[in-house]
Structure formats: structure tokens, C-alpha cells
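A.B. asks: got a predicted structure here, sequence first:
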Amino acid sequence: MVWAYWTGDGTGSGSVTAGTVSGLTLSASATGLVPGASQTINVTGTNGNATTSIAVSHLSLSSFTSGVTACDNLATGAKATATAADPSGAPVVVAPNGGTATVGTVTISFPNSATVDQSACKGVTWTFSLSAS
């Protein structure tokens, strides 16, 4: 048996493009908010990426509204407010391929006012925008 081969020199180039993360979907909901009450609700992150986990260290709330002008324009101390809190034990890792985890909380407070009529807020649904990093 005989083997033969050529040797030689050469140059070349190559490239690799990193993949992208499909993103993290955040969700939270609660019902039954009335004047004089507050609720702390968990925010769930769902990982839409097929193969890469997502780590979450910080949760931000960028808007909070009822969509009803008379409710949103109540005086400070009479209108509902919301605050976001970072995940406990941050960072929280959300597994890929539809994995879920609690990535923080939102506390919604609706003070009871003896001097401001809060009837404009009856039956409203407050919405808020969140982002995670």
C-alpha cells in the first residue's frame, strides 16, 4: 500500500456570529385592590430562548396607569402607586426553552383617603411596564 500527500502553506480567514437571545417575557397580575390596601405580587420571567439561560439581577418599573384620567390624576396620598423590587438572591437564572422563575416583585399600594373621592378608580385595571436586566 502506498500513501502520498502534498504539503503546502496557506492563509485564510474565518468568522463566527454570536446568536441572539429571544428574550424574557415578564408577567404579574393581582385582583381585588381597594383603598387602604396594598399587594405585593411576584413577577414571573419566562425564557423564550431555546438554549441559553438568562440571569436577572434587577427589575425596573417604568410606568403605572389605570388608563382612567380621573383615577390617575388623584392627589398624591390618594392615588395608587407601584414599586418594583429586585429578585431575592439575585441573580436569578431562568432556564431556557420556556423555563420560568420569580424574577422580583411589584408592590401596589392604594391609600385610603378620607378627603378625596376615589370613586373614579372603581373597577379599573392598572397596568404597568417592567424591564429586567
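C.D. replies: Structure's in. What do you need?
A.B. asks: how about the most centrally placed residue in the chain: what's its closest non-neighbour residue?
C.D. replies: In the chain, the residue lying closest to the centroid (CA atoms, centre = their mean) is residue 26, at 3.9 Å. With CB to CB, 6 or more residues apart in numbering as the criterion, residue 26 has its nearest non-adjacent residue at 4.8 Å, and that residue is residue 130. In short, each C-beta sits where N, CA and C put it, glycine included.
A.B. asks: again, but for residue 55
C.D. replies: The spatial neighbour of residue 55 that comes closest, neighbours along the chain excluded (CB to CB, 6+ apart), is residue 91 at 4.1 Å.
A.B. asks: note down every partner strand of the helix or strand encompassing the residue nearest to the centre of the chain and its orientation.
C.D. replies: Using DSSP states H and E, residue 26 maps to strand 24-27. Using DSSP bridges, the strands paired with strand 24-27 in its sheet are strand 37-47 (antiparallel).
A.B. asks: contacting residues for the residue nearest to residue 26?
C.D. replies: 26, 28, 43, 59, 60, 61, 62, 84, 106 (CB atoms under 8 Å, 6 or more residues apart in numbering).
A.B. asks: tell me which residues of stretch 116-123 come out buried.
C.D. replies: 116, 118, 120, 121 (16 or more other CB atoms under 10 Å).
A.B. asks: quick check, nearest of the residues you listed to residue 47?
C.D. replies: Lowest distance from residue 47 to the buried residues of stretch 116-123 (CB to CB) belongs to residue 121, with 34.8 Å.
A.B. asks: picking that back up, okay, buried residues for the strand holding residue 26 please.
C.D. replies: For strand 24-27, by 16+ other CB under 10 Å, it's 24, 26.
A.B. asks: residue 105: how many residues sit nearby?
C.D. replies: Residues lying near residue 105 (other CB atoms under 10 Å) number 18.
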